[in-house]
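Asks: structure here, sequence nowhere to be found:
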């Protein structure tokens, strides 16, 4: 039997996955949002994007890491913060370029 807390977590997880999918598609259409940055800024943004988008897609699929530090990095709180920061960077960069 599902509780309301589990139902809320499911919606949060699915929302994060949908946001990650939208960001991935947007970056496929407009790669200059990241490729136009200097290399010193581009590499950390790419690393943050891989972490944020990867964790957002991994959680709904039920995949988990075995190593402790990877489990901690993909916990919902940390991965949602990373996704929010990456989303803010992409949105601010899109506003900057338009």
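Replies: Received, thanks. These figures come from a predicted structure and were not determined experimentally.

Asks: which SSE is immediately downstream of the helix or strand bottoming out on mean pLDDT in the chain?
Replies: When the helices and strands of the chain are scored by mean pLDDT, DSSP states H and E, helix 68-73 comes last with a mean of 78. Following helix 68-73 in sequence order, the next helix or strand is helix 76-97 (DSSP states H and E).

Asks: tell me which other helices or strands that next one touches.
Replies: helix 4-29, helix 32-35, helix 39-61 (3 or more Cβ pairs under 8 Å, 6 or more residues apart in numbering; DSSP states H and E). Every C-beta, even on glycine, is put in place using the N, C-alpha and C of the backbone.

Asks: any idea how far that helix is from the chain center?
Replies: 8 Å (Cα atoms, centre = their mean, to the nearest Å).

Asks: give me the buried positions along that helix.
Replies: 79-80, 82-83, 86-87, 89-90, 93 (16 or more other Cβ atoms under 10 Å).

Asks: dump those residues to JSON lines, plus pLDDT.
Replies: Output for the buried residues of helix 76-97, formatted as JSON lines (pLDDT from 0 to 100):
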{"residue": "79", "pLDDT": "87"}
{"residue": "80", "pLDDT": "90"}
{"residue": "82", "pLDDT": "92"}
{"residue": "83", "pLDDT": "93"}
{"residue": "86", "pLDDT": "96"}
{"residue": "87", "pLDDT": "96"}
{"residue": "89", "pLDDT": "96"}
{"residue": "90", "pLDDT": "95"}
{"residue": "93", "pLDDT": "95"}
